[in-house]
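Colleague: Quick one, structure for this:
(one chain, ligands or ions: 2)
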Amino acid sequence: MRLAQLPREFVGAQPILTTLEAAGYEAYFVGGSVRDTILGKPIHDVDIATSAYPEEVKALFKRTVDTGIEHGTVMILDHGTGYETTTFRTESGYQDYRRPDKVTFVRHLEDDLKRRDFTINALALRQDGEVIDLFDGLSDLKAGIIRAVGDPEARFGEDALRMMRAVRFASQLNFKIEDKTLAAIHTHAHLLSQIAVERIHDEFVRMMLGKAAYRGLSMMIQTTLADYCPGLVGHTIDLSTIATVPALAPKDEVEVWAMVAFHLGLSYPDTVEFLQAWKTANHIIKAANQALHLAYAQQYHGVTKQLLFAMTPDTIAAGTNVARMSGYGPDDPNEWLRVYNELPIKDSHDLALSGADLIKKAGLTPGPAVGETLQKVQNAVIDGELNNEAAELLKYVQDKILAKNDTSTKK
Ligand SMILES: Nc1ccn([C@@H]2O[C@H](COP(=O)(O)OP(=O)(O)OP(=O)(O)O)[C@@H](O)[C@H]2O)c(=O)n1
Ligand SMILES: [Mg+2]
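Modeller: Ligands and ions are numbered 1, 2, ... in the order given. Coordinates of the predicted model:
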């Protein structure tokens, strides 16, 4: 197969391949960018593989950085944008199921391609557009199949994260996993416990954001991969429920986690613990919990203005989407955002009465009563019972709150 035109991203890197070839070496585009180009998808990183050894690469270019010299990667900066070039290599060892103990540089493309994970990722592209397809990756791309290169057992034994990559690609591309490859994932699923949670996290989120997330999730359940992910063991039924959501389409990581926590039926503290076990960033945990709050409110006790006040437009949108995907209203996806936008105040600082006012003008003693009173006033403003005007709020405090209260709150 020969591509008529190379994507723009490859064109910029062509001078590098030309220089390497002129010096008598081979050089190709490899990896995901070749796969995505053939699928007509946008590409994000350009990887170049070459028969030149790292020192040979460095001798040919003026500006290089040793970004991963021990495994053969050199960044070439001669043409503005940095391009990573990696020497053809074989890998061996893998005693930790993560990384090879030994990397050996080789001169033949085939040796480099055959150590790669899946046939669709083992294509090489010459700069004249010719696709080198030694493992029938093109027919798998066409048929929509994720198939390990060579022996699947060996590929997953080398790097257990590849099992998560398989389900992630299945979801992103809406591809099937070939039977032997799927069976090998099942056999090796337990090796996932050797992999750093951060890396599993990445693949899981990307899988959930893929267009066929239901497929990726089902495969995680079927192969028992899910059992080796933090907090998912014993939750097969909950996960299956997510996998059967007809319009499963979380928009971002926050929605992914809120959706999972919602279907796992986690409490707010348990959600924090669950997401911490997944090494999720704190701001995502906070946002996911807010979204979860809205989804539960929608399901059980109803959404209040007080709840929306405590949220942000983003978490409201996320919570609404999670609730709607799960079969709970509102019918109008913008309903809660509209209510939020109409709130008279969006933040405690917007309140036209401060703690200092309460002390100075209403005669409250500094202490807990100040905060409690402000909270009551704020709630009344949010609920639309009071206008957010200083005089009106002060009067309310004097007439409605202090009049009823024990005089000890007064000076
Ligand atoms: N565990 C891995 C990771 C990567 N690769 C090989 O290295 C290439 C580049 O890896 P990476 O950028 O991580 O994945 P991509 O396939 O490019 O997918 P994407 O960048 O879209 O995640 C892959 O295509 C594959 O050939 C591999 O064999 N085994
Ligand atoms: Mg890539």
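
Colleague: Low-confidence regions, the protein specifically.
Modeller: Along the chain, the model assigns pLDDT under 70 to residues 405-411.

Colleague: how deep is the residue of it found nearest ligand 2 tucked in, by neighbour count?
Modeller: Nearest residue of the chain to ligand 2: residue 32, at 3.5 Å (C-beta to the ion). C-betas here are computed from N, CA, C, even on glycine. Other residues near residue 32 come to 17 when the count uses other C-beta atoms under 10 Å.

Colleague: and the gap between it and residue 202?
Modeller: As for residue 32, its distance to residue 202 is 14 Å (criterion: C-beta to C-beta, to the nearest Å).

Colleague: Thought residue 121 was touching the residue of the chain closest to ligand 2, still the case?
Modeller: Yes: with contacts counted by C-beta atoms under 8 Å, residue 32 reaches residue 121, the gap being 6.4 Å.

Colleague: Now do the shared contacts for the two.
Modeller: Residues touching both residue 32 and residue 121 (C-beta atoms under 8 Å, 6 or more residues apart in numbering): none.

Colleague: And the longest helix that the chain contains, how far out from the chain middle?
Modeller: Criterion DSSP state H: the longest helix present in the chain is helix 282-299. Here the centre of helix 282-299 is set off from its chain's centre by 17 Å, with C-alpha atoms, centre = their mean, to the nearest Å.

Colleague: try stretch 308-326
Modeller: Computed by C-alpha atoms, centre = their mean, the chain-centroid distance of stretch 308-326 equals 18 Å.

Colleague: So what touches it?
Modeller: Residues from elsewhere that reach stretch 308-326, judged by C-beta under 8 Å, 6+ apart: 245, 247-252, 254-255, 258-259, 262-263, 287-288, 290-295, 298-299, 329-330, 333, 335-337, 339-340, 343, 345-346, 382.

Colleague: what's the answer for stretch 245-253, then?
Modeller: In contact with stretch 245-253 (C-beta under 8 Å, 6+ apart) are residues 205, 208-209, 213-214, 242, 256, 259, 280, 284, 288, 318, 321-322, 325-326.

Colleague: Quote the end-to-end distance of it.
Modeller: 17 Å (C-alpha to C-alpha, to the nearest Å).

Colleague: buried residues in that stretch?
Modeller: By neighbour count on 16 or more other C-beta atoms under 10 Å, the buried set for stretch 245-253 is 245, 248-250, 252-253.

Colleague: ok, so of the residues you listed, who is nearest ligand 1?
Modeller: Closest approach between the buried residues of stretch 245-253 and ligand 1, by C-beta to the nearest ligand atom: residue 253, at 15.7 Å.

Colleague: For the residue in the chain that ligand 1 sits nearest to, which residues are in contact?
Modeller: At 2.2 Å from ligand 1, residue 32 is the closest residue in the chain, using C-beta to the nearest ligand atom. Residues counted as contacts of residue 32 (C-beta under 8 Å, 6+ apart) are 43-45, 47, 121.

Colleague: For residue 183, which non-adjacent residue is spatially closest?
Modeller: Residue nearest to residue 183 in three dimensions, not counting chain neighbours: residue 152, with 7.6 Å by C-beta to C-beta, 6 or more residues apart in numbering.

Colleague: hmm, I was thinking of residue 47
Modeller: Looking at residue 47 with C-beta to C-beta, 6+ apart, the closest residue is residue 31, at 4.2 Å.

Colleague: Which elements pack onto the helix or strand encompassing residue 169?
Modeller: Assessed by DSSP states H and E, residue 169 sits inside helix 161-173. Contacts defined by 3 or more C-beta pairs under 8 Å, 6 or more residues apart in numbering; DSSP states H and E place helix 161-173 against strand 145-146, helix 152-158, strand 176-177, helix 179-188, helix 197-208, helix 213-222.

Colleague: if you set the cut-off to 10 Å instead, what comes out?
Modeller: When contacts are defined as 3 or more C-beta pairs under 10 Å, 6 or more residues apart in numbering; DSSP states H and E, helix 161-173 sits against helix 32-38, strand 145-146, helix 152-158, strand 176-177, helix 179-188, helix 197-208, helix 213-222.

Colleague: now the end-to-end length of stretch 109-121.
Modeller: This stretch, stretch 109-121, spans 14 Å end to end (C-alpha to C-alpha).

Colleague: residues from the stretch 1-150 of the chain in reach of ligand 2?
Modeller: For the stretch 1-150 of the chain, the residues in contact with ligand 2 (C-beta under 5 Å from the ion) are 32, 45.

Colleague: Spell out which residues of the stretch 1-150 of the chain are next to ligand 1.
Modeller: The stretch 1-150 of the chain comes close to ligand 1 at residues 31-32, 45, 47, 116-117, 121-122, as judged by C-beta under 6 Å from any ligand atom.

Colleague: Which one of those residues sits in the busiest neighbourhood?
Modeller: Highest neighbour count within these: residue 122, with 28 neighbours (other C-beta under 10 Å).

Colleague: who's in contact with that one?
Modeller: Contacts for residue 122 (C-beta atoms under 10 Å, 6 or more residues apart in numbering) come out as 30-31, 34-35, 110, 112-116, 132-137, 140, 147-150.

Colleague: can you give me the strands for the chain?
Modeller: Counting by DSSP state E, the chain has strands at residues 27-30, 47-50, 64-68, 73-76, 83-87, 89-92, 102-105, 124-125, 131-132, 145-146, 176-177.

Colleague: What count of nearby residues applies to the residue lying closest to residue 197 once chain neighbours are set aside?
Modeller: Among residues not flanking residue 197 along the chain, residue 279 sits closest, at 4.9 Å (C-beta to C-beta, 6+ apart). When neighbours are counted by other C-beta under 10 Å, residue 279 registers 14.

Colleague: Tell me which residues touch residue 279, please.
Modeller: Contacts of residue 279 (C-beta under 10 Å, 6+ apart): 196-202, 230.

Colleague: can you name the two of these that are farthest apart?
Modeller: Spanning the widest gap among the contacts of residue 279 are 202 and 230, at 13.4 Å by C-beta to C-beta.

Colleague: Flag every buried residue along stretch 145-154.
Modeller: Residues of stretch 145-154 classed as buried: 145-149, 152-153 (neighbour count, 16+ other C-beta under 10 Å).

Colleague: hmm, which two among those residues are most spread apart?
Modeller: Every pair of the buried residues of stretch 145-154 checked by C-beta to C-beta; the farthest is 145 and 153, at 17.9 Å.

Colleague: Wait, residue 78 touches residue 61, no?
Modeller: Yes: Residue 78 lies in contact with residue 61 (C-beta atoms under 10 Å); the separation is 4.9 Å.
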